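give me a model of this one.
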Amino acid sequence: MFKDIVNAMREGFGTCLKEIKYLSERVEAVEKKVGITTKRKGTWTSSQNRGTGTSSQNTTSPPKNTLESGKEDAR
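Numbers count the residues shown, from 1 in each chain. Okay, the predicted model is just below:
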């Protein structure tokens, strides 16, 4: 029984890795098609590993905190 669970988890994890790779390739293809040249941090694309493609720095500032500094989250 334990072996069956381990095998199912291993198979599921392998499927997840394949899907992540497929989705990252599709995102890269769409970015190329629409002309996005800014590379995001943490993407797993093979072209970045080879050092190909256009690199530019993201100049977008991070989102501002919407909570006022004197008030706490009322959860």
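
in the one helix or strand G14 maps to, what's buried?
Element membership of G14, judged by DSSP states H and E, is helix 2-34. Neighbour-count burial for helix 2-34, counted by 16 or more other CB atoms under 10 Å, picks out 28, 31. Quick note: C-beta positions are derived from backbone N, CA and C, even for glycine.

pLDDT averaged over it - what is it?
Helix 2-34 shows a mean pLDDT of 95.

gap between E11 and I36?
Here E11 is placed at a distance of 34 Å from I36 (CB to CB, to the nearest Å).

got it, and A29?
11 Å.

what's the answer for S24, then?
14 Å.

ok, A8 to I36 distance?
In terms of CB to CB, A8 sits 38 Å off from I36.

just I5 next, same as before
Going from I5 to I36 by CB to CB gives 42 Å.

for F13, same thing?
30 Å.

same thing with E25?
15 Å.

equivalent analysis for K3, please.
Distance of K3 to I36, computed by CB to CB: 46 Å.

now do the SS call for I36.
coil (DSSP: H, G, I helix; E, B strand; the rest coil).

that one and F2: what is the separation?
For I36, the distance to F2 - CB to CB - is 46 Å.
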